[in-house]
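A.B. asks: please find the sequence and the predicted model below.
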Amino acid sequence: MPGKAFAVVVVIITLVIAYCVITHVWWMPVDISAHGPKIDHQIEETVFGAGILFIAGQLVLASFAFLYGDSKGARKMKAFPGGAKSLIVFACVVVGVEILVLSFIGSKAWASVYFTPPDPDSLRVDVQAGQFAFYFRYPGPDGKFGPLHPDLINEATQNYFGLDTDHDADSKDDIVTAGLAIPVNKPVLLTLHSKDMGHSFDVRELRIQQDFVPGIVIPVHFTALQTGKFEIVCTQLCGLGHYNMKAYLEIMTQADYDNWLKQQAAMQ
Amino acid sequence: MHDMSAHAAAHHAPPSGFIRKYLFSVDHKVIGIQYTTLSLVAAFIGMALSWVMRIHLGWPAASIPFLSTLSPNGAPGGVPTPEYYLSLMTMHGTIMAFFVLTAAPMAGYGNFMLPIQVGAADMAFPRLNMASFWVTFVGFVVASATFIIPDGPPISGWTAYAPLSAVGPAAGPGQGRGQDLWVLSIAFFCVASLLGSLNFIVTTIDLRTKGMTLSRLPLSTWAWFINAWVSLLAFAVLLPTGLLLLLDRVGGTSFFIPGGLVVNDKVLQHSGGSPLLFQHLFWFFGHPEVYIIILPAFGIVAHVMPTFTRKPLVGGWKVITYAMIAIGSLSFIVWGHHMFVSGMSPNMAMVFSVPTLIITIPSVIAVLVFAFSLYGANIRFTTPMLFCLGFISLFISGGIGGFFLAQPAVDSYLHATSFVVGHFHFTMGLSAIFATFAGFYYWFPKMWGRMMNETLGKVHFWLSFVLVYCVFMTMHLMGLTGAVRRYSSYVADFMVPQIPTNRFITVAALLLGAVQFIFLYNAIWSRFKGPKAPDNPWQATTLEWDTTSPPPFDNFDGRQITVRHGPMEYDADASVMQTSPEQSIAGT
C-alpha cells in the first residue's frame, strides 16, 4: 500500500510540474536582443531533453514502487534482467548524446555573446557600479573617454567615475547619467567597471548577465531589437543595499536617443 | 588486520565518570552521537533562520516575535532590516552546509558506524577523534557568537566573496568582527574535518577485521572512505584560503583586494590582489564540498536500501563504488561552473562546462542503480526505506536542474536566480537530508537501543516529501522568470508579480518546518520511551547488527570477528550475516 501511495504521489507531482513547465505558468520574459533567440532556443532544448529524463526517471521510480511491494513470499524475487551493464551503457549513451548536443551545438549561443567581436561601429558606454547604484558614461562629441582617477571619486560632488575635467581634455565632454539609454537596432559595447565590490549587470529581457569585478574592466556587447524601458538589476551580493541596486535601460529610436543625449549633455 | 584491531581495543579501557564517559570521551560511538546531536541542534537553528527569511520575503512588514530581543539593531520592532536579512542568509548557509550537511551523515553516523562496520573496536586515533569533535564544537560556538556581538553576523553569504568579505567594516554592518569570527569558525571546521578525514582513511585501511576485504566493505563505509579523501583534499584548500582572507582583513595584505578600490569615497590602501582568485580558491573547495555532502548520502541509501528490498543492488558493490570514486575525482575539475558570468575568460567557461556535464554520467549511473534495484524486489516500506525512495525522487529532480546550470549560455540567464536556490536545495540540501533521515531512522535502534515510532516516522516522511516539492520546485519555476536570489524584498518592478508565489513558498516552508517537530518529538520520545530494540530489528547483514543495541564499549564484547560474506549476499528470502558460516547461504 505505501508503495502504491508513493507511486501516485510521485506521478501527481511529476504531472503538476510538467503542466507548469509546458504551459509556461512561470516563464522567461520576451527576448529583445539579437543574440537572445539562441539562448532561448538552448533553454527550450534543455527543457525538452532534461524534461524527458525527469519524467522518465520519476515514472520508473513510481512504477517500481507500485509493482514491487513486499509480497510476503507470494512472488519470487528477480534481478533486473539487463544487469548493471545495460544501465551503464544507457547512462553513457543518453547522457553522452545530451552532452554532445548541449555543449557542442549549444556552445554557439555562448559564442554568439562572448566569442564574436563587437561591431567596430558600436555605441560605447562605460558603466560604473558601486554600492548601490549604476552610473553610465557616454564619450561625448569627441568620441573619447577621459581617464579615471579613483581618488577623485566623490558621491557628494557627483563625480561617480573619478573624472578630472580640469586637466583631462577627453573628460570635458563626457556625459555621465544615472540611466542607460541606447538606440534600437544599434550594436552597443558596454565596458563594466566596479569601484568597490563585485556587482552584476543583469537585464532579463536582453538575456545578459555579467559580473563586475573590481580591478578588471569587462566588455559586454549586444544589440537591442525593440524599444521600451527595462530594469537593470544587480545580481551579485554587494552589501546591505544589494536588493535595491537598480537602474533603467531605455531603448529608443535613433532620433529620440539623439535628443536624449543632447538633454543629458546640457545637464552636465 | 585483526591484530591492529586488537591493538586499537587496548588503546583505552571503558571510562568511568561523567566527564570521560559522555563529555570528553574517546569512544567513537559517543563522538558519533555528539556529532549527530550537534548537527540536530544546528539544523533546527539553521531552519529557524530560514523561517525568518521566508516570513520576511512573503510579508516584508511582518513583525517576527522574539527577533527584536535577539537583535535590537538587526530587527527593530521585529522586522529584519535588509542587512540583517543577509546576515540570517549567511548564517543559514554556513550552519546548514558545514555544521549539518557535512557533519551529520559523515562525522555523525560515520564515527559511530564505520569502526563497527569494519569490525574494529574504535577509530585508529581515538584522541584525535575526540579533538575533531571538540574543534568542530568550538567552530560552531564561534559561528553562533556572531549573533550576540553588536555588529551581528556577516552579510557576505556562505561563499564570502572578496572584496565584500575582505575590506572590513567599511563594507557594511557585520563585515567587521562578525566576518572575522566567521573566518575563524570555518578555519576550526576545516581543521576538524582534516583530522576526521585522516581518522576515517586510516581506520578503513588498517583496522578491518579478519576477512573484511575491500569487496566486503559495506557501501556506507565505502562512501565514508571515498569521502574522507575528497574532504582531505578540499578542506586543505579552504583552510589556507580562509587564512589568506583573514590576513587581508587584519594583516594589511592584498591577496584578494585589487588597487584603487573606493569605499565611502575613500581609496583603500590595498593593491594587486584578485577577487577572482578568491572565487577560484573558494569553489575549488566549494564544488567538491557539495559532493562531500552527497557521497555519504549515496552510501547511506546504498546501505539501507538492500536491507528493505531484500536483494543486492544492481551491479553489486562495484558499480556504485566506482561511480562514487568517479564522482569524487571529477568533483575537483568542475568548480568553474560557478563562475561562468564571473568575469573569468569565456574560454574557461567552455572548459568547465564539459566535465560538469560529464560528471552527470556517474551520477546518473548511481541513480539508475538505486532505481533499478527496486525491480523485482519485495520492498518493505519502512520509514528508512521511504526516505530512500524520497531521496531518489529528489535527486532526480535536482539533477535535472544541473543540465541547465552546467551550460554557460543557459546559466547566463539563470545564474543568481531562485532556480539555483531550488537546484542546490534539492541536490545537496534535501536529497542529503532525506538520506540523513533514512540513516537516522535506520540506525536509531543501534545508536540508542530503542525503536522509533513507525507511524510518526511515516507521517514525517509523507508531509516532508510533498512540502519539499512545494517549496523548492516552485523556486525552480519562479527562477525561470528571472527572480533574483539574495534579495530581502521584491522592490524590482519585475519581481513584484512573484510576491504571491513567494507567499506560497513561505507557507509551504513554514509547514515543512513544523513537520520537523514531529520528527524531533519522535526522536526524543523514542530515546526514552520507545520499545527496546532487538540486536537486528531490520534483518540486516552488516556487522553493526551483529552486536547488541547499543553496542558494548569495545563493540563486540571481546569477540573475535571473522567476516565470511559481502554485505549483500542474501539467500532466497532472508539475510545472511556477514559473519555467518559458509553453509548458511545454501540456496544461493
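C.D. replies: Structure received.
A.B. asks: could you use CA atoms for every contact and neighbour count after this?
C.D. replies: Fine.
A.B. asks: so where do the helices sit in the stretch 151-268 of chain A?
C.D. replies: A:254-267 (DSSP state H, counting those that start in this stretch).
A.B. asks: actually the stretch 151-300 of chain B, sorry about that
C.D. replies: Listed in chain order, the helices of the stretch 151-300 of chain B (DSSP H, counting those that start in this stretch) span B:177-206, B:219-250, B:275-309.
A.B. asks: mind checking which of those is nearest B:Thr213?
C.D. replies: Nearest to B:Thr213 among those is helix B:177-206; the distance by C-alpha to C-alpha comes to 9.9 Å.
A.B. asks: by contact count, what packs against that closest one?
C.D. replies: helix B:109-117, helix B:126-145, helix B:219-250 (3 or more C-alpha pairs under 8 Å, 6 or more residues apart in numbering or on different chains; DSSP states H and E).
A.B. asks: since we're on the residue in the stretch 1-150 of chain A that chain B sits nearest to, how many residues are nearby?
C.D. replies: Residue of the stretch 1-150 of chain A nearest chain B, by C-alpha to the nearest C-alpha: A:Asp70 (4.0 Å). By the measure other C-alpha atoms under 10 Å in any protein chain shown, the count of residues near A:Asp70 is 19.
A.B. asks: correct me if wrong: B:Thr436 contacts B:Ala297.
C.D. replies: Yes. With contact defined as C-alpha atoms under 8 Å, B:Thr436 reaches B:Ala297; the gap is 6.6 Å.
A.B. asks: give me the common contacts of those two.
C.D. replies: Taking C-alpha atoms under 8 Å, 6 or more residues apart in numbering or on different chains as the contact rule, B:Thr436 and B:Ala297 both touch B:Pro105.
A.B. asks: output the helices and strands packed on helix B:177-206 as TSV; include the columns distance to B:Phe472 and mean neighbour count.
C.D. replies: Shown next, in TSV, are those (distance: least, C-alpha to C-alpha, whole Å; neighbours: other C-alpha atoms under 10 Å in any protein chain shown):
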stretch	distance to B:Phe472	mean neighbour count
helix B:109-117	27	27
helix B:126-145	27	21
helix B:219-250	27	23
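A.B. asks: B:Leu195: which of those helices is closest?
C.D. replies: Using C-alpha to C-alpha, the nearest of those to B:Leu195 is helix B:126-145, at 6.0 Å.
A.B. asks: what lies in contact with the closest one?
C.D. replies: Outside helix B:126-145, the residues that reach it (C-alpha under 8 Å, 6+ apart) are B:11, B:24-28, B:31, B:34-35, B:38, B:91, B:95, B:99, B:123, B:181-182, B:184-189, B:191-193, B:195-196, B:199.
A.B. asks: picking up where we left off before, JSON lines for the helices and strands packed on helix B:177-206, including mean pLDDT?
C.D. replies: Output for the helices and strands packed on helix B:177-206, formatted as JSON lines (pLDDT from 0 to 100):
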{"stretch": "helix B:109-117", "mean pLDDT": "98"}
{"stretch": "helix B:126-145", "mean pLDDT": "97"}
{"stretch": "helix B:219-250", "mean pLDDT": "98"}
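A.B. asks: could you export those as JSON lines, including distance to A:Val176?
C.D. replies: JSON lines is the format used below for the helices and strands packed on helix B:177-206 (distance: least, C-alpha to C-alpha, whole Å):
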{"stretch": "helix B:109-117", "distance to A:Val176": "60"}
{"stretch": "helix B:126-145", "distance to A:Val176": "44"}
{"stretch": "helix B:219-250", "distance to A:Val176": "33"}
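A.B. asks: now do the nearest residue to B:Ala62 once chain neighbours are set aside: how many residues are near it, please.
C.D. replies: Nearest non-adjacent residue to B:Ala62, counting by C-alpha to C-alpha, 6 or more residues apart in numbering or on different chains: B:Val79, 6.3 Å away. Counted with other C-alpha under 10 Å, the neighbours of B:Val79 add up to 23.
A.B. asks: can you pull the contacts of the spatially most central residue of chain B?
C.D. replies: Closest residue to the average C-alpha location of chain B: B:Leu101 at 1.8 Å, with C-alpha atoms, centre = their mean. Contacts for B:Leu101 (C-alpha under 8 Å, 6+ apart) come out as B:39, B:293, B:429, B:432-433.
A.B. asks: the same query, at a cut-off of 10 Å, please.
C.D. replies: Applying C-alpha atoms under 10 Å, 6 or more residues apart in numbering or on different chains, we find B:Leu101 in contact with B:39, B:42-43, B:95, B:107, B:289-290, B:292-294, B:296-297, B:428-430, B:432-433, B:436.
A.B. asks: next, the contact list for whichever residue of chain B sits closest to chain A, please.
C.D. replies: Among the residues of chain B, B:Asn378 lies closest to chain A, at 4.0 Å counting by C-alpha to the nearest C-alpha. Counting by C-alpha under 10 Å, 6+ apart, B:Asn378 touches A:65, A:67-78, B:308-311, B:573.
A.B. asks: which among those end up buried?
C.D. replies: Listed as buried from those are A:65, A:67-70, A:77, B:308-311; burial here means 16 or more other C-alpha atoms under 10 Å in any protein chain shown.
A.B. asks: now, which of the residues you listed sits nearest B:Glu569?
C.D. replies: Distances from B:Glu569 to the buried ones among the contacts of B:Asn378, taken by C-alpha to C-alpha, are shortest for B:Lys311, at 8.1 Å.
A.B. asks: could you look up the SS state of that closest one?
C.D. replies: Secondary structure, DSSP: H, G, I helix; E, B strand; the rest coil: B:Lys311 is coil.
A.B. asks: can I assume it is in contact with B:Val576?
C.D. replies: No. Using C-alpha atoms under 10 Å, B:Lys311 is not in contact with B:Val576, being 11.3 Å away.
A.B. asks: what is in contact with these two at once?
C.D. replies: Joint contacts of B:Lys311 and B:Val576 (C-alpha under 10 Å, 6+ apart) are B:568-570.
A.B. asks: between those, which is closest to B:Ser274?
C.D. replies: For the shared contacts of B:Lys311 and B:Val576, the nearest to B:Ser274 is B:Met568 (51.3 Å; C-alpha to C-alpha).
A.B. asks: so what's the closest residue to that closest one other than its chain neighbours up against?
C.D. replies: Among residues not flanking B:Met568 along the chain, B:Pro312 sits closest, at 5.1 Å (C-alpha to C-alpha, 6+ apart). When contacts are counted by C-alpha under 10 Å, 6+ apart, B:Pro312 touches A:79, B:302-303, B:305-306, B:373-374, B:377, B:567-570.
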